[in-house]
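next input, structure requested:
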Amino acid sequence: MHGTPICPKPVDAAAWECVHEAFADGLFMSGKTPEESIEMVEAARKRVPDTPIFLGGGATGDNVRELMKYYDGVSVATWIKNGDMKNPIDPERARIFLEQAKG
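Residues are numbered from 1 along each chain as shown. A predicted model of the protein is given here:
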């Protein structure tokens, strides 16, 4: 797991605080599943509609097109490295990912 919330605060409230109290220009967020990630971004957008929100993980060549409907951008590494960050980037997976992200 890359990140764990340090307090049990609702996502929308945490997003608002990051932007309005900590002056974040944008947010990275992700859930444990693509569905949870979508729920999180939808909740956050209600409170910070003009703030860029990026998916922090979980995007693959199979789901990035759908996720880009909700996020302003995505962070990806593991999928294009065949599941291991120590691997080099797989050019074919990178091509597939970019094609799908462009929609």
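
Phe28 and Pro91, how far apart?
26 Å (Cβ to Cβ, to the nearest Å). Any C-beta I mention is one placed from the backbone N, CA and C, and that applies to glycine too.

more neighbours: the two, which one.
Phe28 (17 against 9; other Cβ atoms under 10 Å).

SS state for that one?
With DSSP: H, G, I helix; E, B strand; the rest coil as the basis, Phe28 sits in strand.

help me confirm that it comes into contact with Pro52.
No: in this structure, Phe28 is not within contact of Pro52 by Cβ atoms under 8 Å, at 9.7 Å.

tell me the contacts of the residue nearest the centre of the chain?
The residue lying closest to the centre of the chain (Cα atoms, centre = their mean) is Leu55, at 0.8 Å. Taking Cβ atoms under 8 Å, 6 or more residues apart in numbering as the criterion, Leu55 is in contact with Phe28, Met29, Ser30, Ser37, Val41, Leu67, Tyr71, Gly73, Val74, Ser75.

one more: Val74?
Phe54, Leu55, Ala59, Val64, Leu67, Met68, Ala101.

recalculate using a threshold of 10 Å.
If you count contacts by Cβ atoms under 10 Å, 6 or more residues apart in numbering, Val74 has them with 28, 30, 37, 54-60, 63-64, 67-68, 97, 101.

that's all I had, so thanks and see you.
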